[in-house]
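Here is my input, please return the structure:
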Amino acid sequence: MATLISDTAPWKDLKAHVGEIDKTHLRDLMTDTDRCKSMMFDFDGIFLDYSRQRTTVGTMSKLSKLAEEAHLKQKINSMFNGEHINSTENRSVLHVALRASKDTTINCDGKNVVPDVWQVLDKIREFSDKVRSGSWVGATGKALTNVIAIGIGGSFLGPLFVHTALQTDSEACKSAGGRQLRFLANVDPVDVARNISGLNPETTLVVVVSKTFTTAETMLNARTLREWISSALGPQAVSKHMVAVSTNLKLVEKFGIDPNNAFAFWDWVGGRYSVCSAVGVLPLSLQYGFSVIEKFLKGARSIDQHFHSSPFENNIPVLLGLLSVWNVSFLGYPARAILPYTQALEKLAPHIQQVSMESNGKGVSIDGVRLPFEAGEIDFGEPGTNGQHSFYQLIHQGRVIPCDFIGVMKSQQPVYLKDEVVNNHDELMSNFFAQPDALAYGKTPEQLQSENVTSNLVPHKTFTGNRPSLSLLLPSLDAYRIGQRVISAFILVLCSDFDGIFLDYSRQRTTVGTMSKLSKLAEEAHLKQKINSMFNGEHINSTENRSVLHVALRASKDTTINSDGKNVVPDVWQVLDKIREFSDKVRSGSWVGATGKALTNVIAIGIGGSFLGPLFVHTALQTDSEACKSAGGRQLRFLANVDPVDVARNISGLNPETTLVVVVSKTFTTAETMLNARTLREWISSALGPQAVSKHMVAVSTNLKLVEKFGIDPNNAFAFWDWVGGRYSVCSAVGVLPLSLQYGFSVIEKFLKGARSIDQHFHSSPFENNIPVLLGLLSVWNVSFLGYPARAILPYTQALEKLAPHIQQVSMESNGKGVSIDGVRLPFEAGEIDFGEPGTNGQHSFYQLIHQGRVIPCDFIGVMKSQQPVYLKDEVVNNHDELMSNFFAQPDALAYGKTPEQLQSENVTSNLVPHKTFTGNRPSLSLLLPSLDAYRIGQLLAIYEHRIAVEGFIWGINSFDQWGVELGKSLASQVRKQFHVSRKKGESVEGFNFSTTKLLTRYLEASVDVPSEPTTLLPRI
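Residues are numbered from 1 along each chain as shown. Model (predicted):
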């Protein structure tokens, strides 16, 4: 039998070393300046600081010996030499050849593949130049200014990441001109509808990406768009409006695409590594021009050379890889948070999620031996500061999750406002520098006592610290740097239904006896009494002394729900009626802007729950027929991140004369929201004059004094209350106002009614038939008893693409706690790591890990009727049935698996049997909705809200406070002050540890061109 790495002396030495590390704390390790210096390194302007990892110099030495034992150098050389290191498929792994220079020799099976690569690249250069210049035109002679790229998995996530990162780069933006690039991945017809919305077939080019030209989802989407083109322009137009990235020229030609317009790639390119092939380079070159994308390839090449030739102690990808092995397999941390402090990298985490979880989500060694240790990470992330208002509660005070902080020294879209303490990018970066220290140092009970924090709150405000992170600081974010970043990231009883919603949890690892025991646990936890206490307005949020009454936000007018002896429902409906009246005025045109034009565009400014919930509902409604019709030609956008790139994206293409801004901040002091609000106030004022603010800006706030001081008429402020937590506020004016402006109050009222129906079900149904209670009990079982740290939320409809990010906040900020509601340290794990993607996109991303790697309980969410049905003549099934066939198949695949005996009966060769074996026994549940209209969206929201409350009630924690977000904000204020005195007075960095001082100094030196007394500068898109 082959020797496993865990059987070697270096592995065992590291296992023993964990005990030594357990005796240390990062706040002590960070005092060792020599250690910190040894854990900082830069290459080509990229600065890596991993001094906040739970490592010593000795740890790194031991990891280096493990790398030697694993023959890491030889394996890297084998990859670059074209050896068949993908042994189960007998293939080379040569994505490095895709960006090699022309004079490089990289052999595969005795042949230099680089000339073939450049033959395709030159063909892309020529073709994209023709299309962009207008010498290649469509069937009617019009220029092709819009591109839809059809692909899934690596044919989608990598190109989308690069496209999103380039959109606000000045050079790329200028080169793109008036062009559009869209990506169609999901077989859900809703995704088709979104992609063709507003496009003209006459000016649209479709790129079909499928190596074999047989990928089921991609080819059904391709046939759908072929029909869209043919029905408008005739069948002969296909050859002018569709091209392919494929190696199957026979099927390409049979489809109707000229084989001369097929762009090749090779078996030695894995899908998740294919962004530098025609898969990514073709659509990106059509959008930005080949010269821009060539710089992206050069950036990737620079890291390839660095990875191949640099000694391990100075090799960024190797260091990052060794640290991940240390965190996962020795310290036992199952997840990694990818936290880029720039909105331009918002699609980095989903791409790395596929690259990492599909690559390393394995349960056997390369020789087919079952691994006796955990491998592979659960990857997730959001751009900061968005993530801070989502799941940072959990990473500060709940589970330990190593974090990758990624910062950029120079913004793609600098914004300066006169008289601000710091500019927008410095505000963003103050958090980048503060958060790692907050995680590392924490805050002790003694520090809190010295600040006179009351004793009952000390346990809740204590931060244990000792939470590892690393910081990666990039000089800028252009095509070259994006290229570098890509590479460095190396039944019957168990079913329930209510109001047409069908829940099947028979594939959970439970018996009838398990459910009985969980029911007894609920009784012991006084679950029924706690639910009643919530509905009765008792102050169950004890650390903030507040009621928790989001259920009142959607209660009917005749309901009585008291808080502090007063029925709050009349107050709720007073605000709802005000929203109805105001939104009707704006939508009808009786409320107009300062120049008399109708306000057809709305930008809602908010962060955390003031953003994620409303965005989820908006995205879900966009393709609902009633909501779509009601929206007409209106636009709704959400501005959350303080990154000026997010400002630039939001105002791009909008006219201040026709734009209404909704500022959402309860206290009107939220730092990120108010800086963004001041920025948009300047955008409106500079175009229309200061007096226009009162006609173009309204507020959702309770601080009328600051609202008026800002320049907004207090009569145009919409209230909400202390008994509404931010992450539970979508049914308040926070969500209802912008959504009613977009879709009309009558549509949003149906959403509220849907949520209300679940509130009533949750409050009154017996637990054995109570969907939120059943889901909550199952989560407690999976997390605290079976030891599964994560949950995958997998909606089989593209309309729910923003469900997982919203639930990520609701769940991880609510239940990411380490102490009970009484302040006692929990002796068990609470809170889940939530992530997800719509199916079938997720299948081509991280399903490798959930099928053969770590066990991750899955929520499958399906819809019986599509929002956007599509039927094609002569297809075996329609598009929605194709989507739903996967919804029904995946839970059984996880539950049953596939045995070695089954594989042997299919004559699978013995060396592949371990790799093709599926152990099964992986839990999931299925939630089937009749449709997805406003009412059902409200139901789905409330199901998850109450499920999360049930978990917290059972665990005995306070699901309604969020002290874990405070320390990072406090430290960021210190960095903000440092930026101010350094920018204005030239003062050096003082008062920080060695590592933070080094990072801050590097950042300030790289951005000396920031003016000390700036005049106003707004985004240039």
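
Please make it C-alpha for all contacts and neighbour counts, starting now.
Will do.

which stretches of the stretch 701-850 of the chain form helices?
704-710, 733-743, 745-764, 771-780, 803-815, 847-852 (DSSP state H, counting those that start in this stretch).

what comes into contact with the longest one?
In this case it means helix 745-764. 531-532, 535, 551, 554-555, 579-580, 583-584, 626-627, 731, 736, 739-740, 770-773, 934-943, 946 (C-alpha atoms under 8 Å, 6 or more residues apart in numbering).

Now, of those, which are buried?
Neighbour counting by 16 or more other C-alpha atoms under 10 Å classes 531, 535, 551, 554-555, 579-580, 583-584, 627, 731, 736, 739-740, 770-773, 934-943, 946 among those as buried.

quick one: which of the residues you listed sit in strands?
In this view, the buried ones among the contacts of helix 745-764 have no member that belongs to strands under DSSP state E.

Which of those fall within helices?
531, 535, 579-580, 583-584, 627, 736, 739-740, 771-773, 934-943, 946 (DSSP state H).

Put the alpha carbons of stretch 639-648 into PDB.
Extracted C-alpha coordinates of stretch 639-648, given in PDB (Å, rounded to 0.1, in the frame of the first residue of the first chain):
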ATOM      1  CA  LEU A 639     -24.900  50.900  -2.900                       C
ATOM      2  CA  ALA A 640     -23.300  49.200   0.100                       C
ATOM      3  CA  ASN A 641     -19.500  49.100   0.000                       C
ATOM      4  CA  VAL A 642     -17.600  52.200   0.900                       C
ATOM      5  CA  ASP A 643     -15.200  51.300  -1.800                       C
ATOM      6  CA  PRO A 644     -15.500  54.100  -4.400                       C
ATOM      7  CA  VAL A 645     -15.600  51.400  -7.100                       C
ATOM      8  CA  ASP A 646     -19.100  50.600  -5.800                       C
ATOM      9  CA  VAL A 647     -20.100  54.200  -6.100                       C
ATOM     10  CA  ALA A 648     -18.800  54.300  -9.700                       C
END
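
what pLDDT, on average, does the helix or strand containing His17 get?
Per DSSP states H and E, His17 falls inside helix 9-22. For helix 9-22, mean pLDDT rounds to 97.

Show me the helices in the stretch 901-1021 of the chain, by range?
So, for the stretch 901-1021 of the chain - with DSSP H, counting those that start in this stretch - the helices run 913-916, 934-955, 966-985, 994-1006.

Out of those helices, which is the most enclosed?
helix 934-955 (a mean of 24; mean count of other C-alpha atoms under 10 Å).

That helix - contacts with which helices or strands?
Using 3 or more C-alpha pairs under 8 Å, 6 or more residues apart in numbering; DSSP states H and E as the contact test, the elements touching helix 934-955 are helix 527-535, helix 612-621, helix 745-764, helix 771-780, helix 803-815.

that older thread, closest to Gly606 out of the helices of the stretch 701-850 of the chain?
Across those, Gly606 has its closest neighbour in helix 733-743 (8.6 Å, C-alpha to C-alpha).

Quick check: mean pLDDT of that closest one?
Here the average pLDDT along helix 733-743 is 98.

low-confidence ranges in the stretch 1-150 of the chain?
Scanning the stretch 1-150 of the chain for pLDDT under 70 picks out the ranges 1-2.

Of all the helices of the stretch 701-850 of the chain, which one is nearest Asn452?
Comparing the helices of the stretch 701-850 of the chain by C-alpha to C-alpha, helix 803-815 comes nearest, at 25.5 Å.

tilt between the closest one and helix 612-621?
Per axes from the mean of the first three to the mean of the last three C-alpha atoms, to 10 degrees, the angle that helix 803-815 makes with helix 612-621 is 160 degrees.

Just the residues contacting helix 803-815, thanks.
Looking at what lies outside helix 803-815 - C-alpha under 8 Å, 6+ apart - the contacts are 389-394, 398, 608-609, 612-613, 616, 727-728, 793-794, 830-837, 944-945, 948, 951-952, 957-962.

Could you pull up the residues touching Phe502?
Here Phe502 is in contact with 495-496, 926-929 (C-alpha under 8 Å, 6+ apart).

and if we set it to 10 Å?
Shown in contact with Phe502 (C-alpha atoms under 10 Å, 6 or more residues apart in numbering): 495-496, 771, 862, 926-930.

now, among those, which is nearest to Ile196?
Among the contacts of Phe502, and counting by C-alpha to C-alpha, the member closest to Ile196 is Gly862, at 23.4 Å.

Let's verify that closest one: helix, strand, or coil?
strand (DSSP: H, G, I helix; E, B strand; the rest coil).

quick revisit: now, which of the contacts of helix 803-815 lie within strands?
793-794, 833-835.

Phi, psi for Thr659 please.
Main-chain torsions, Thr659, degrees, to the nearest 10: phi -120, psi 130.

is it true that it touches Gly596?
No - Thr659 is not in contact with Gly596 according to C-alpha atoms under 10 Å; the separation is 11.8 Å.

And these two? Which one has more around it.
Using other C-alpha atoms under 10 Å as the criterion, Thr659 and Gly596 rank with Thr659 on top: 24 against 12.

which residues of the stretch 301-450 of the chain fall in helices?
Under DSSP H, counting those that start in this stretch, the stretch 301-450 of the chain gives helices at 316-325, 348-360, 392-397, 424-441, 445-450.

Against which helices or strands is the second one packed?
Just to be clear, that refers to helix 348-360. In terms of contacts (3 or more C-alpha pairs under 10 Å, 6 or more residues apart in numbering; DSSP states H and E), helix 348-360 is packed against helix 157-166, strand 335-340, strand 378-380, helix 479-488, helix 847-852.
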